[in-house]
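K.L.:
Would you be able to build a 3D model of this:
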Amino acid sequence: MSAREWIGKDFYRELGVSPDASQEEIKKAYRKLARENHPDANPGDAEAERKFKAVSEAYGVLSDPEKRKEYDEARSLFGAGAGSGAGAGGRGFPFGAGSGPDGGGFEFTDLFGGASRGQQPGGFGGLGDILGGLFGRRGGGGATTGTAGPTMAQRGSDVETDVRIDFAEAVKGATVPLRLTSPASCGTCGGSGSRPGTSPRTCGLCGGVGLISTSQGSFAFSEPCRECRGRGTIVDSPCTECRGAGTSTRTRTLTVRIPPGVSDGQRIRLAAQGEPGRGGAAAGDLYVRVHVTPHKVFGRSGNNLTITVPVDFSELALGATISVPTLEGKVSVKIPPGTDSGKVLRVRGKGIAKRDGSTGDLLVTLQVNVPSSLSEKAASALRTYTEEMADHDPRPEITRMLKER
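P.N.:
All right, here's what the predicted structure looks like:
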């Protein structure tokens, strides 16, 4: 969607957020409304489908910082009366009329880059370049229509969706099917918006440009054509499927390749799988946000796998060799005598293998396990051990502090 089509739409109102809402607030509002109005949840409900398309369109603009900035600028320029033909000091312009270098004020011809720079009176330049950046062209002088020509091609909006995979799939990589409901090029009219066998006609008022350029004195402004609503073409026989929009909400199934070592919350980009473009332009991209279900035993630290293994006190004190599971089998880990509880042992090369060829390690944390009950024989053995270790103080620093108090 082009900036010229944004002026008559309030994307903030569609999502129910304020213009100063954060990206997280915008995302939260979109997900709530998209879930409530999803066509799968409201079969045959035309109003829900319309609302779903509207919030998807709004999110496509407001979720992109650059598009949101352009949208806010367009609303500010035209919403503040920039095209109303206000006179000197009028609404939308904080400068007085006729002020110039001699008057210590501001030269309006400097603002618009007019005849003082050798341009034709009524040309844009200056602020006109901003408008040209928003609408893809510069206006001409006088009360005329824009130069005839095809409607400017517009890249399709990006689309974002979510997928959930388990821990092992995140580590090893996986290929998962993704069912996506989003705007796509209408299959009946091929995106033209017209009933098969007919074609849109060029707007006679704007000559196919989509903008009407007017000038009043030193000012020149462009605004969307009222006949074609800035599209440059008019559909006389709308397609029955998309009602002239050129796009329709479709459900499709894609196959997504999840690379090995993907992290929770990471986004995967699928080029040209977003909303279709206009005027022959490329489609937007699809971003798949990956959510990883935590594992019951394993954790992750970068490229390393982590695991906590309970051990007996005797295994730490005397040393032992224990078996530890991995995602692909098991390994033997040697515990040196006199190892403390909480010690982390590293098993090289048993972590996560990334596409760049690097492989992490398996980090094994040893945690002493205290039995909840003891047999009389075991309790007697521990009492004997305590007597034998009477001269050993397991907490010397604390003992020292207690003696000093």
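
K.L.:
who's Lys334 bridged to?
P.N.:
Beta bridges link Lys334 to Thr321, judged by DSSP bridges.

K.L.:
Quick check, it in contact with Ser323.
P.N.:
No. The pair formed by Lys334 and Ser323 falls short of the contact definition of C-beta atoms under 8 Å, at 11.2 Å. From N, CA and C alone the C-beta is placed, and that goes for glycine too.

K.L.:
My understanding was that Leu345 contacts Leu366; is that so?
P.N.:
Yes. Counting by C-beta under 8 Å, Leu366 is a contact partner of Leu345 at 6.8 Å.

K.L.:
and for the two, which residues touch both?
P.N.:
Shared contacts of Leu345 and Leu366 (C-beta atoms under 8 Å, 6 or more residues apart in numbering): Ile335.

K.L.:
Please say which of those two ends up with more neighbours.
P.N.:
Higher neighbour count among Leu345 and Leu366: Leu366, with 21 against 18, using other C-beta atoms under 10 Å.

K.L.:
quick one: strands adjacent to the helix or strand containing the more buried one?
P.N.:
Take DSSP states H and E as the rule and Leu366 turns out to sit in strand 362-368. Strand 362-368 has its sheet partners listed here by DSSP bridges as strand 304-311 (parallel), strand 344-347 (antiparallel).

K.L.:
now that strand: how far from the chain's centre is it?
P.N.:
38 Å (C-alpha atoms, centre = their mean, to the nearest Å).

K.L.:
Show residues contacting that strand.
P.N.:
Here strand 362-368 makes contact (C-beta under 8 Å, 6+ apart) with 301, 304-313, 316, 324, 326, 331, 333, 335, 339, 341-347, 350-351.

K.L.:
cutoff 7 Å now
P.N.:
301, 304-311, 313, 316, 324, 326, 333, 335, 339, 341-347, 350-351 (C-beta atoms under 7 Å, 6 or more residues apart in numbering).

K.L.:
Could you identify the buried members of these?
P.N.:
For those, a burial check counting by 16 or more other C-beta atoms under 10 Å picks out 304-307, 309, 311, 316, 333, 335, 339, 345, 347, 350-351.

K.L.:
Among those residues, pick out the one closest to Lys403, please.
P.N.:
Checking the buried ones among the contacts of strand 362-368 against Lys403 with C-beta to C-beta, the nearest one is Leu316 at 28.3 Å.

K.L.:
In space, what's closest to that closest one - neighbours in sequence excluded?
P.N.:
Among residues not flanking Leu316 along the chain, Thr339 sits closest, at 4.8 Å (C-beta to C-beta, 6 or more residues apart in numbering).

K.L.:
domains for the protein, by residue range?
P.N.:
Per automatic domain parsing, the structural domains of the chain span 1-80, 299-375.

K.L.:
Need the distance between the two termini of the shortest one.
P.N.:
Same thing as domain 299-375. One end of domain 299-375 sits 35 Å from the other (C-alpha to C-alpha, to the nearest Å).

K.L.:
try stretch 341-348
P.N.:
So stretch 341-348: terminal residues 21 Å apart, C-alpha to C-alpha.

K.L.:
Residues contacting that stretch, please?
P.N.:
So stretch 341-348 is contacted by Leu316, Val331, Val333, Asp361, Leu362, Leu363, Val364, Thr365, Leu366, Gln367, Val368 (C-beta under 7 Å, 6+ apart).

K.L.:
mind listing the helices in this protein by residue range?
P.N.:
11-15, 23-37, 46-62, 65-79, 108-112, 125-135, 167-172, 313-318, 376-388, 396-404 (DSSP state H).

K.L.:
And the ones you listed: which comes nearest Gln266?
P.N.:
Short answer: helix 167-172, nearest of the helices of the chain by C-beta to C-beta, at 9.1 Å.
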